[in-house]
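Q: please work out how this folds:
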Amino acid sequence: MKSLILVSNDDGIHSEGIKALARALKRVGDVFVVAPDRERSAASHSLTLHRPLRVEKHGPNVYAIDGTPTDCINLAVNGILKKRPDLVVSGINKGGNLGDDVTYSGTVSAAMEGTLLGIPSFAISLVSRDNFNFKIAARFAAKLARYIFKKGLPKDTLLNVNVPEDVNVKGYRITKQGKRVYGDAVVEKIDPRGKKYYWIGGDILRWEAGKDTDFEATANNFISITPVHLDMTNYASFRELHNWKI
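A: Now for the predicted structure:
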């Protein structure tokens, strides 16, 4: 029996990235696509609890949900699919999910939800702003999926994969999460009626230089594979905090 692969994203059901990913993964197993009905970028790990969710079938094994990426994984596993998936893959995202961006990313959060449900999961993104050629990322996703089926993943761990846009990719590196430098991320403007409005995320992305980080790898034309652990406890701080006298 073929393995069952659940595919989702945060760019929406019509994104070319998710279509390229699904096509590539069909060579590895049976693919079900359950994705938001529209773009849900930066939705993070939000879950819709204040209203019902609507499901629309877009074709054989393709479903759109009017909710977040987390909703899609949860509803697919617990409501839509007749069989529990063997793998969750989220992407291919239009733009990188590097460093601290994992805390905002709906793409990564879909893989996070899969991991929380006990399913091996990874997220994959293309580090580009306008040149979205998904071929290399899709091929690598299929290779990675095959390898995960053979070897599995460490417990409570998802993989955050970032693929450079250049076609001359040198290979891959296992990396740590980089650190983003935050600048003037809010842009203030005036509308035609003289009222202020704001855009969040207006600055140019900048990163701290760091060895073996996801940013360093992709900047040097390597695919970055960052293992992300769901236990966010900072164990290194225990000794210091035990000395507190509150």
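Q: how far does stretch 6-20 sit from the chain's center?
A: 11 Å (C-alpha atoms, centre = their mean, to the nearest Å).
Q: revised request: answer the last question for stretch 98-111.
A: Distance of stretch 98-111 from its chain centroid, counting by C-alpha atoms, centre = their mean, is 5 Å.
Q: ends of it, how far apart?
A: In stretch 98-111, first residue to last residue: 15 Å (C-alpha to C-alpha, to the nearest Å).
Q: same check on stretch 58-78?
A: 19 Å.
Q: now stretch 39-57
A: Per C-alpha to C-alpha, stretch 39-57 runs 17 Å from first to last residue.
Q: and residue 77, that's in a helix?
A: Yes: residue state for residue 77 (DSSP: H, G, I helix; E, B strand; the rest coil) corresponds to a helix.
Q: identify the residues contacting it.
A: For residue 77, the contacting residues are 6, 84-85, 114, 117, 119, by C-beta atoms under 8 Å, 6 or more residues apart in numbering. Quick note: C-beta positions are derived from backbone N, CA and C, even for glycine.
Q: what do you get if the cut-off is 6 Å, keeping everything else the same?
A: Neighbouring residues of residue 77 by C-beta atoms under 6 Å, 6 or more residues apart in numbering: residue 117.
Q: need phi/psi at residue 127.
A: phi -80, psi 90 (degrees, to the nearest 10).
Q: which stretches in the protein count as helices?
A: Counting by DSSP state H, one finds helices in the chain at the ranges 16-25, 69-75, 106-116, 135-151, 214-219, 238-242.
Q: got any ranges where this structure has weak pLDDT?
A: Low-confidence segments of the chain (pLDDT under 70): 182-184, 201-207, 209.
Q: returning to what we had before: closest one to residue 199 among the helices of the chain?
A: Nearest of the helices of the chain to residue 199, taken as C-beta to C-beta: helix 106-116 at 18.7 Å.
Q: same for that closest one, what does it pack against?
A: On a contact count with 3 or more C-beta pairs under 6 Å, 6 or more residues apart in numbering; DSSP states H and E, helix 106-116 meets helix 69-75, strand 87-94, strand 121-127, strand 157-164.
Q: redo these as TSV? Include distance to residue 60 and mean neighbour count.
A: TSV is the format used below for those (distance: least, C-beta to C-beta, whole Å; neighbours: other C-beta atoms under 10 Å):
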stretch	distance to residue 60	mean neighbour count
helix 69-75	17	26
strand 87-94	18	29
strand 121-127	23	28
strand 157-164	27	25
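Q: make JSON lines out of those and add distance to residue 244.
A: Converted to JSON lines, the helices and strands packed on helix 106-116 look like this (distance: least, C-beta to C-beta, whole Å):
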{"stretch": "helix 69-75", "distance to residue 244": "34"}
{"stretch": "strand 87-94", "distance to residue 244": "39"}
{"stretch": "strand 121-127", "distance to residue 244": "36"}
{"stretch": "strand 157-164", "distance to residue 244": "30"}
